[in-house]
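Visitor: Got a predicted model here, sequence first, then my questions.
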Amino acid sequence: MKAAVFEGVGRLEVREVGTPEAGPGEVLVKVGANTLCGTDLRILRGEKTAGIKPPAIIGHEVAGHIVEVGDGVRGFEAGAQVTITPMIPCGRCFYCRRDMENVCENVRAVGYEIPGGLGEYMKVPAEAIEAGCLFVAEEELSPERLALVEPLSCCVYGQVRSPVEAGDTVLVIGAGPIGLFHVQLALLAGAETVIVSQRSEHRRRLASQFGAHVVVDPSGGELPEVVAEHTQGRGVDATFLCIGVPQLVNEALRLTRKGGRVNLFAGFAGAGLSEIEANLIHYNELRVTGQTGARREDFAAALDLVVSGRIETERMITARFPLEEAPKAMEAASGREGIKVAVIPGYRDKT
Ligand SMILES: [Zn+2]
Ligand SMILES: [Zn+2]
């Protein structure tokens, strides 16, 4: 089969590799689509190295159809449309036993140490099936939409960590794919006003289309005023920081009301160092949390939201590339204008 193989920093090569087969306990999936995310870009740039040993087939936001079911696998049939939560928890460690499987001490991940979705086929290992990481979509939908369950699941979990309550005013800083999911989830949770801070005009427009009530370009310096205006000067109830710039942490803290919630959702570049105005947390009694990945229950919730259409995914996909053009797809994904880029094996033949 063809696959996009990460060969080392800056090198993604599309070439022939052996087609995997489903051994005992395993399932073979014909990949329908793999959407790209910032983590893939960071792997390609050499910024993320943990668990990655080139040559490696990366890609962890993936959906497709089962074509082969190995001996002993129960509950899955050929033809079913599936998606996978890439982080395989061990189920036994300190964190797994405390409902924090997303930070499992023995995690193994599809698209990192286990070959991922940037190939024509992907083998789902027995450990992933046993752990309950493979999910069947009850309704057929486009694979690129189904692949978005993964990033959405992280946002679902983010809002478990920092709940949005009915009537809240919510600030989302950054309207990339993650920010746009947070906008939609906040609205579903009953937020009364969602304010989005975003420099790119195109993304501000998208945020409005996805239901944000107020969109602001922060470069003009009016964001604090706008927040004050909509909150009687108090600050928002909850803030989601979806841009990994440490200097924005203070802004997130400052714009949140006393007793409010601040979620540092995006991972920060480099060491993530920044000077924090600690008294904002102290005197304003802020509940600050971070977040990484998602648990299987969040993935199940996200799947339900996508299949039911309560979370809109169609307009999130702004570019599609065949597998042969995976390197070009990566380039497109690093641009600021689009939202989600999908790699679709056989895309040209389908259109
Ligand atoms: Zn991702
Ligand atoms: Zn564990």
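Guide: Happy to help now that I have it. Ligands and ions are numbered 1, 2, ... in the order given.
Visitor: show me the contacts for the residue in the stretch 251-351 of the chain positioned nearest to ligand 1.
Guide: As assessed by CB to the ion, ligand 1 sits closest to Gly293 within the stretch 251-351 of the chain, at 9.4 Å. Where you see a C-beta, it was placed from the backbone N, CA and C, and this is true even at glycine. With contacts taken as CB atoms under 8 Å, 6 or more residues apart in numbering, Gly293 has the following neighbours: Met87, Asn102, Val103, Cys154, Tyr157.
Visitor: Which of those residues has the largest number of neighbours?
Guide: With neighbours defined as other CB atoms under 10 Å, the most crowded of the contacts of Gly293 is Met87; it has 27 neighbours.
Visitor: From Val156, how far off is it?
Guide: Between Met87 and Val156 the computed distance is 14 Å (CB to CB, to the nearest Å).
Visitor: what's the answer for Thr292, then?
Guide: As it turns out, when the distance is counted by CB to CB, Thr292 lies 13 Å from Val156.
Visitor: more crowded one of the two?
Guide: Neighbour comparison, Thr292 and Val156: the larger count goes to Val156, with 25 against 14 (by other CB under 10 Å).
Visitor: Next, give phi and psi for that one.
Guide: Dihedral pair for Val156: phi -60, psi -50, per degrees, to the nearest 10.
Visitor: For the nearest residue to it once chain neighbours are set aside, give its distance to Val170.
Guide: Spatially, and ignoring its direct neighbours in sequence, Val156 is nearest to Asp298 (4.4 Å; CB to CB, 6 or more residues apart in numbering). Taking CB to CB as the measure, Asp298 falls 19 Å from Val170.
Visitor: The two - which one has more neighbours?
Guide: Set Asp298 next to Val170 and count neighbours by other CB under 10 Å: Val170 wins out with 29 against 22.
Visitor: Please, which helix or strand holds that one?
Guide: Here Val170 is covered by strand 169-173, with elements defined by DSSP states H and E.
Visitor: Can you name every helix or strand that that strand contacts?
Guide: Other elements packing on strand 169-173 under the criterion 3 or more CB pairs under 8 Å, 6 or more residues apart in numbering; DSSP states H and E are helix 177-188, strand 193-197, strand 236-241, helix 248-254.
Visitor: partners of that strand in the sheet?
Guide: The pairing partners recorded for strand 169-173 under DSSP bridges are strand 193-197 (parallel), strand 236-241 (parallel).
Visitor: between these, which one is nearest to Ser334?
Guide: With respect to Ser334, and counting by CB to CB, the nearest of the strands paired with strand 169-173 is strand 236-241 at 20.7 Å.
Visitor: Show me where the chain dips below the pLDDT cut-off.
Guide: 349-351 (pLDDT under 70).
Visitor: So the residue nearest in space to the middle of it: helix, strand or coil?
Guide: The central residue of the chain, meaning the one whose C-alpha is nearest the mean C-alpha position (CA atoms, centre = their mean), is Pro151 at 2.0 Å. In the three-state summary, Pro151 is assigned as helix, counting by DSSP: H, G, I helix; E, B strand; the rest coil.
Visitor: Any figure for the gap between it and Val226?
Guide: Counting by CB to CB, the separation of Pro151 from Val226 is 27 Å.
Visitor: what ranges do the helices span in this structure?
Guide: 38-44, 126-130, 143-147, 149-161, 177-188, 201-209, 223-230, 248-254, 278-284, 296-307, 326-334, 347-350 (DSSP state H).
Visitor: Including distance to Val110, could those helices go into JSON lines?
Guide: Supplementary listing: the helices of the chain in JSON lines, determined by distance: least, CB to CB, whole Å:
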{"stretch": "helix 38-44", "distance to Val110": "12"}
{"stretch": "helix 126-130", "distance to Val110": "7"}
{"stretch": "helix 143-147", "distance to Val110": "12"}
{"stretch": "helix 149-161", "distance to Val110": "10"}
{"stretch": "helix 177-188", "distance to Val110": "19"}
{"stretch": "helix 201-209", "distance to Val110": "29"}
{"stretch": "helix 223-230", "distance to Val110": "38"}
{"stretch": "helix 248-254", "distance to Val110": "31"}
{"stretch": "helix 278-284", "distance to Val110": "37"}
{"stretch": "helix 296-307", "distance to Val110": "13"}
{"stretch": "helix 326-334", "distance to Val110": "17"}
{"stretch": "helix 347-350", "distance to Val110": "22"}
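Visitor: Kindly reformat these as CSV containing distance to ligand 1.
Guide: As requested, those are exported to CSV (distance: least, CB to the ion, whole Å):
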stretch, distance to ligand 1
helix 38-44, 5
helix 126-130, 16
helix 143-147, 10
helix 149-161, 5
helix 177-188, 9
helix 201-209, 18
helix 223-230, 28
helix 248-254, 21
helix 278-284, 29
helix 296-307, 12
helix 326-334, 11
helix 347-350, 20
